[in-house]
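1. Mind folding the following:
(one chain, ligands or ions: 3)
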Amino acid sequence: MSEVYRFEDIQKYYIAGKRGILDDLLKIPKVYVKALDGVSLSVPAGKVVAVVGESGSGKTTLGKIAVTLEKQTGGKVIFNGIEVGKNTYWDVRKHVDMVFQNPATSLNPKMKVKDIVQESIMNLPVEEKKSFEEEAKSRGISMEKLLVEKVKESISQVGLIYDEVKNKQARELSGGQVQRVAIARSIIKHPDVLVLDEPTSALDESIQAQVLNILVDLQEKLKLTYIFITHNILVARYISDYIIVLYAGKIVEYGPSEEVLTKPLHPYTQLLLSSVPTTESKDVKPPVGDVPSLINLPSGCRFHPRCPFVMEKCRSVDPELRTQGDYQVACWLYE
Ligand SMILES: Nc1ncnc2c1ncn2[C@@H]1O[C@H](COP(=O)(O)OP(=O)(O)OP(=O)(O)O)[C@@H](O)[C@H]1O
Ligand code: SF4
Ligand SMILES: [Mg+2]
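-> Ligands and ions are numbered 1, 2, ... in the order given. Predicted coordinates:
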């Protein structure tokens, strides 16, 4: 199976709190929030990989690094065989896009729908716009006409009617419509990968299902790869081929969705899933105990203070993510 992304030992450390010049002058040591701490994974092309974990586990940070909105502190990201760096950002950006949780804040509320969608192409650097210009030339039409066609096509692919919405401002649309516009804005560039960060969780339940179905259709039709961040285990079950469970900046379990959901190996995943699926509690629920501080992580296995199976070794030695076939788990129970 070909891989679209490979993340190798990714760390993302943010500086905690605000730092002033005085802190540097007085050489006050920096304190770091370890949002991601040694994440390695491979994302297969054309598949949906769901990322689950409780709040603060590093899901959005991983998504932002994938689309180059954040740069990792350490480790490598390989995209389609190319190492992502300053000189190769556009090799990623032209193929990848991100849809955020809250469409109302991710899009300019005063812009017209057609401009929002079209802007995605207009914002490409000159080099990257060339393929669209060449297409217009080869078809003997102007770039403006081609853009209108592309905008129309993308808007209809997300289930909206172009003539009804083209001149509306984003603020005049419902939440579900705005999220569809955000998706249209992403797919107009013909990406290979979409990072979807809780794309339905800000929407009403009835609308969530509609948007989810559109995403499922688009993934199949356009042969997209999704990195799908979600709190909702039922959504992960519905949409994903693989599930990654993140705990305090580390992957603790990664495998085919059905196996992770029906036979979870890691105690954290088992506890997350112990209350699902029911219609009342389908969100990723934190197991009892406190989420560890990312500034001062527990020694050994970072889940040990909350783990019902904790052993002596767990308190001092951090278990590595071990691979068994296409399954990975980081826990001393599976040594
Ligand atoms: N710019 C930043 N500066 C400092 N700390 C940050 C920054 N961005 C994220 N963090 C911290 O990194 C950790 C991981 O954040 P992230 O947003 O990736 O978590 P998440 O899993 O997406 O959480 P949620 O489910 O709440 O969206 C959190 O502790 C967060 O406070
Ligand atoms: S390594 Fe130990 S503490 Fe960590 S999850 Fe496994 S059994 Fe629990
Ligand atoms: Mg997040």
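
2. for the chain, what helix or strand is lowest in average pLDDT?
-> Lowest by mean pLDDT, DSSP states H and E among the helices and strands of the chain is helix 103-106, with a mean of 78.

3. Which parts of the stretch 201-335 of the chain are strands?
-> Ranges of strands in the stretch 201-335 of the chain, per DSSP state E, counting those that start in this stretch, are 225-229, 242-247, 250-256, 322-324, 327-329.

4. By mean pLDDT, show me the worst of those strands.
-> Out of the strands of the stretch 201-335 of the chain, strand 322-324 stands lowest, with a mean of 88 (criterion: mean pLDDT).

5. Would you mind listing what in the chain touches ligand 2?
-> Proximity of the chain to ligand 2, by CB under 6 Å from any ligand atom, involves residues 267, 301, 303-304, 307, 309-311, 314, 319, 331-333. C-betas here are computed from N, CA, C, even on glycine.

6. ok, so of those, who is nearest ligand 3?
-> Nearest to ligand 3 among those: residue 303, at 19.8 Å, using CB to the ion.

7. what's the closest non-adjacent residue to the residue of the stretch 1-150 of the chain found nearest ligand 3?
-> Distances from the stretch 1-150 of the chain to ligand 3, computed as CB to the ion, single out residue 60 as the nearest residue at 3.2 Å. What sits nearest to residue 60 in space, not counting adjacent residues and going by CB to CB, 6 or more residues apart in numbering, is residue 197, at 5.6 Å.

8. and the one you found, how many neighbours does it have?
-> 22 (other CB atoms under 10 Å).

9. Indicate which one of the strands of the stretch 201-335 of the chain is closest to ligand 3.
-> strand 225-229 (6.4 Å).

10. Beta-bridge partners for residue 10, please?
-> residue 39 (DSSP bridges).

11. which residues in the stretch 101-250 of the chain form helices?
-> Secondary structure of the stretch 101-250 of the chain (DSSP state H, counting those that start in this stretch): helices located at 103-106, 113-122, 126-138, 143-157, 162-165, 175-187, 205-221, 233-239.

12. Any idea what residue 112 is bridged to?
-> In this entry, residue 112 is beta-bridged to residue 169, by DSSP bridges.

13. check whether stretch 294-306 contacts ligand 1.
-> Yes - judged by CB under 6 Å from any ligand atom, stretch 294-306 comes into contact with ligand 1 at residue 294.

14. Could you point out which residue ranges in the protein have low pLDDT?
-> The chain contains residues with pLDDT under 70 at 1, 275-287.
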